[in-house]
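*Asks:* predicted model follows, preceded by the sequence.
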Amino acid sequence: MTGGGADGRGRIGVMHVVDTLAAGGAERVAVNLANALPRDRFAAHLCTTRAEGPLARLLEGDVGRLRLGRTARWDAGAFVRFAAYVRRHNIDVVHAHDTSVFLAAMASALPSGPAVVWHDHFGRVDTERRSAALYRPAARRARAVVAVNARLARWSRDVLGVAPDRVHEIPNFVRLARAAPGPGVPGTPGRRIVCVANFRSQKDHHTLLAAFRLVLDQVPDAHLLLAGAEVDAAYARTIRGHIAGPPLASRVTVLGPVDDVAPLLAACDVGVLASASEGCPLALLE
């Protein structure tokens, strides 16, 4: 593999591809990796296939950007724009996160197409089944598969038939700057519990609230802070309904999405996650 480099300096061109830059684990990993690439060896790019999001502001200024804005799963126009960008900027490696592997696999089939790395973050492995027949052709085009846990690595090897030497189990990592506690955080210092998780059924806030009721029996002034976007509106409404009555109404605060979690975490004392299924949760690593 040779690196033409976006700037003519012979650097290897690497493009991370992710559906959105919403506040989520896979999205944050894509941003962290793009930012962390050594600039003396790599020219970093990041592509969002569907939409932007709050994590865009965390990208370093020298990361090349492509925003496809596709409106359907198979969007021919988006693929043409993607392929043109790859050629124009001499992208050698497309690092595809989750379902963006399908777009990357198609690009790799073009003449002199880029090598593909597939980063499998699938967090719903215990609650949802993926179609092996759908993923198998794309996964086999990948030069390497990065799985965030052993179960996903086994799925690529044993179910998708990816050669074992091309499958690598690499846990997630975080780049969290040390921060002072944020102002105006509800609750009493020493009694704050925080859960950073988007509102969808996988995150199982119901179990978390049931556990917190038990906490309140022994620590009546404890306060639970829920940070996360309402990805599933119906699920979020049920959680808000459970919180509405006593004793939770005065002891649970829904913060909504939080772009920079460091000040929030610095203000809290206990971090919790009640998910029914996870890949390698950044919320706990943070």
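*Replies:* Right, received. Where do you want to start?
*Asks:* which ones are touching the closest residue to Leu160 other than its chain neighbours?
*Replies:* In space, and not counting its chain neighbours, Leu160 is closest to Ala139: 4.5 Å by C-beta to C-beta, 6 or more residues apart in numbering. The way it works is simple: take the backbone N, C-alpha and C, and place the C-beta from them, glycine included. Residues counted as contacts of Ala139 (C-beta atoms under 8 Å, 6 or more residues apart in numbering) are 101, 118, 145, 156, 160, 162.
*Asks:* surely the fifth one and Pro137 touch.
*Replies:* Right, Leu160. No. Between Leu160 and Pro137 there is no contact under C-beta atoms under 8 Å: 9.3 Å.
*Asks:* those two: which is more packed in?
*Replies:* Per other C-beta atoms under 10 Å, whichever of Leu160 and Pro137 has more neighbours is Leu160, with 21 against 11.
*Asks:* helices of the chain, start to end?
*Replies:* Ranges of helices in the chain, per DSSP state H, are 25-36, 76-88, 101-108, 132-140, 150-154, 205-218, 233-243, 262-267, 282-285.
*Asks:* now tabulate the ones you listed in TSV and tack on mean pLDDT and distance to Ala249.
*Replies:* Converted to TSV, the helices of the chain look like this (pLDDT from 0 to 100; distance: least, C-beta to C-beta, whole Å):
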stretch	mean pLDDT	distance to Ala249
helix 25-36	92	30
helix 76-88	95	45
helix 101-108	95	44
helix 132-140	96	44
helix 150-154	94	39
helix 205-218	96	12
helix 233-243	94	6
helix 262-267	90	21
helix 282-285	70	24
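*Asks:* dump the ones you listed to JSON lines, plus distance to Gly187.
*Replies:* Output for the helices of the chain, formatted as JSON lines (distance: least, C-beta to C-beta, whole Å):
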{"stretch": "helix 25-36", "distance to Gly187": "25"}
{"stretch": "helix 76-88", "distance to Gly187": "44"}
{"stretch": "helix 101-108", "distance to Gly187": "42"}
{"stretch": "helix 132-140", "distance to Gly187": "43"}
{"stretch": "helix 150-154", "distance to Gly187": "36"}
{"stretch": "helix 205-218", "distance to Gly187": "12"}
{"stretch": "helix 233-243", "distance to Gly187": "14"}
{"stretch": "helix 262-267", "distance to Gly187": "8"}
{"stretch": "helix 282-285", "distance to Gly187": "18"}
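*Asks:* out of the contacts of Ala139, who has the most neighbours?
*Replies:* Neighbour tally across the contacts of Ala139 (other C-beta under 10 Å): the maximum, 29 neighbours, falls on Trp118.
*Asks:* what bridges to it?
*Replies:* Beta bridges link Trp118 to Ala96, Val145, judged by DSSP bridges.
*Asks:* what residues are up against it?
*Replies:* 96, 101, 104, 138-139, 142, 144-146.
*Asks:* returning to that earlier point: adding distance to Val18, write the contacts of Ala139 out as TSV.
*Replies:* Below are the contacts of Ala139 laid out as TSV (distance: C-beta to C-beta, whole Å):
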residue	distance to Val18
Val101	11
Trp118	12
Val145	16
Ser156	19
Leu160	20
Val162	21
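*Asks:* out of those residues, who's nearest Glu230?
*Replies:* Val101 (27.3 Å; C-beta to C-beta).
*Asks:* separation between that closest one and Thr49?
*Replies:* As defined by C-beta to C-beta, to the nearest Å, Val101 lies at a distance of 11 Å from Thr49.
*Asks:* so what's Asp221 up against?
*Replies:* Asp221 touches 188, 191, counting by C-beta under 8 Å, 6+ apart.
*Asks:* hey, which helix or strand in the protein has the poorest pLDDT?
*Replies:* When the helices and strands of the chain are scored by mean pLDDT, DSSP states H and E, helix 282-285 comes last with a mean of 70.
*Asks:* that older thread, distance of the residue nearest to Leu160 from Asp40?
*Replies:* Using C-beta to C-beta, Ala139 is found at 32 Å from Asp40.
*Asks:* next: Arg154.
*Replies:* For Arg154 relative to Asp40 (C-beta to C-beta), the value is 36 Å.
*Asks:* of those two, who's got more company?
*Replies:* Arg154 (13 against 7).
*Asks:* report how many residues lie close to Gly228.
*Replies:* 22.
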